[in-house]
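> I need the structure of the sequence given here:
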Amino acid sequence: MNETLRPDVLIIGGGPAGLTAARSLRRLGVAGVLVLDREEAAGGIPRHSDHLGYGIRDLRSVMKGPAYARRLVDRAQQAGAEIITSATVTGWAGERSLLATTPRGRIRVETGAVILATGARERPRAARMVPGDRPLGVFTTGQLQQEVHLRHAAVGARAVIVGSELVSWSAVLTLRDAGCRVVLMTTEFESPEVYAPVAVAGRALLDGPIARRSRVVRVIGRTRVEAVEIEHLVTGQRRMVTCDTVVFTGDWVPDHELARSAGIDLDPGHRGPLVDTALATSVDGVFAAGNLLHPVDTADVAALDGRHVAASVVRWLGDGPVSRSAVRLVACDPFDWVAPGLIGDHRVGPPRDRLLLWSHRAQAFPTVVARQGGAVIGRRTLPWPVSPGRVFRVPWSLVRRADPLRGDVTIGLG
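Purely as a prediction, here's the structure:
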């Protein structure tokens, strides 16, 4: 072991959540804040998302991803946080002690509190069980953007995009930057999984249609992608689409390996850490933030998680452990998960006083109902729609009347 570091707080992950938490902790008076990031440069996914739309909620500014990432890194470092990149955390050495490999050698970090901000990743083709050949030209959005914006590599001439959520349209912009035409976008749903203005504007960027209620069932090509086979989910009809590039987008999973190896309780819905409204996990002194908890929301929402968790960590460092509430928030049909998943005893609401949910069915002007012990404790009709492929936000006031002694609170549609 080359070195032992003893910061007051260790943050694992140098994306928007981790960097914002680092800056906020320093501004709240925490002396030693260390960020470990496995990439060669901190900043997270925005580093290679070279389009506008970043910084709106957290920085009150509109900027491209790389500029946003640089801004967050600069703000964290100027506040006094230390950032070590190309650092891989290999495991836990104790309750709040971790081992990592870094460019300066193997290190052990012993700390007062840990924030997990490891984010989420898209499921690649193999995890989606799409059969066929194994040619070049198959990407996730993240892989595509790294090829185009970090390595400046060519990707192809004709692309099929699998998925139609927000990140799918980010892939469209990246392909256009690379001179690649998008000849088809597929979605398993009745309509694209984004707000209507985004879908309308996005269609102008496509060189082909959106295949609704459809999926890719086979990739064809020996050395390079030559075509994909598309199946309509209702009729079962199949057809071939000629292309040399396939981009699998969305279908996110949290990077939860460190949480799981620590024995932290995981949410059965999103598979990230189960946290309360202070973003505290089931292990004392270990917190989580960002898209590790809600795969995925926008980068600025993840950043605001970082601001929220910093305040929670400072309270914990000052006051020590608090008892955990037994009130569990449970998502009911059509929702797959809700985050945070616990109502804590901290007398604070969740980040931005919003519960985040994920739905597998669309509904306009939804009425959201919270129930506890068979009784309705909250009901709200909201002007924004529920839709697959994007986070649905519900005011925290919906569950404010929850009784710690009456068991789980369920959240569904009325």
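
> I'd like to know how many residues surround Leu233.
For Leu233, the neighbour count with other CB atoms under 10 Å is 12. Just so you know, the C-beta spots here come from the backbone N, C-alpha and C atoms, and that holds for glycine as well.

> check contacts around it.
Going by CB atoms under 8 Å, 6 or more residues apart in numbering, Leu233 touches 188, 213-215.

> neighbour-wise, which one of the residues you listed leads?
Ser214 (23 neighbours).

> beta partners for that residue?
Counting by DSSP bridges, Ser214 forms beta bridges with His232.

> including distance to His48 and pLDDT, could the contacts of Leu233 go into CSV?
Formatted as CSV, the contacts of Leu233 follow (distance: CB to CB, whole Å; pLDDT from 0 to 100):
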residue, distance to His48, pLDDT
Glu188, 27, 96
Arg213, 31, 97
Ser214, 28, 98
Arg215, 27, 98
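
> and the contacts of the lowest-mean-pLDDT helix or strand in the chain?
The helix or strand of the chain with the poorest confidence is helix 196-203; it has a mean of 74 (mean pLDDT, DSSP states H and E). For helix 196-203, the surrounding residues in contact (CB under 8 Å, 6+ apart) are 164, 166, 169, 172, 191-192, 194, 210.

> if we use 10 Å, what do you get?
Residues from elsewhere that reach helix 196-203, judged by CB atoms under 10 Å, 6 or more residues apart in numbering: 53, 164-166, 168-170, 172-173, 182, 185, 191-194, 209-210, 385, 387, 390.

> weed out the non-buried ones from those.
53, 164-166, 168-170, 172-173, 182, 185, 191-194, 210, 387, 390 (16 or more other CB atoms under 10 Å).

> mind checking which of those are in strands?
182, 185, 210 (DSSP state E).

> doesn't Arg307 make contact with Asp58?
Yes. Using CB atoms under 10 Å, Asp58 is in contact with Arg307, at 7.5 Å.

> now for these two: what residues contact both?
Thr20.

> returning to that earlier point: need the ones in strands among the buried ones among the contacts of helix 196-203 in JSON lines with pLDDT and distance to Arg23, can you?
Formatted as JSON lines, those follow (pLDDT from 0 to 100; distance: CB to CB, whole Å):
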{"residue": "Val182", "pLDDT": "97", "distance to Arg23": "37"}
{"residue": "Met185", "pLDDT": "97", "distance to Arg23": "37"}
{"residue": "Ile210", "pLDDT": "95", "distance to Arg23": "40"}
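
> low pLDDT regions in the chain?
Of all residues in the chain, those with pLDDT under 70 make up the ranges 1, 323-325, 346.

> mind giving me the domain ranges of it?
In the domain annotation for the chain, the residue ranges read 3-121+253-322, 124-250, 351-413 (automatic domain parsing).

> deepest of these, which one?
Highest mean neighbour count among the domains of the chain (mean count of other CB atoms under 10 Å): domain 3-121+253-322, with a mean of 21.

> and the end-to-end length of that domain?
Domain 3-121+253-322 has its terminal residues 33 Å apart, counting by CA to CA, to the nearest Å.

> stretch 145-164 too?
End to end - CA to CA - stretch 145-164 spans 17 Å.

> can you give me the helices in the chain?
Taking DSSP state H as the test, the helices found in the chain are 16-27, 65-79, 141-145, 166-177, 196-203, 257-261, 299-319.

> can you lay out these as CSV showing distance to His48?
Formatted as CSV, the helices of the chain follow (distance: least, CB to CB, whole Å):
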stretch, distance to His48
helix 16-27, 14
helix 65-79, 7
helix 141-145, 4
helix 166-177, 9
helix 196-203, 20
helix 257-261, 22
helix 299-319, 12
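
> and the ones you listed: which comes nearest Thr85?
Closest of those to Thr85 is helix 65-79, at 9.6 Å (criterion: CB to CB).

> other SSEs contacting the closest one?
helix 16-27, strand 33-36, strand 82-84, helix 299-319 (3 or more CB pairs under 10 Å, 6 or more residues apart in numbering; DSSP states H and E).
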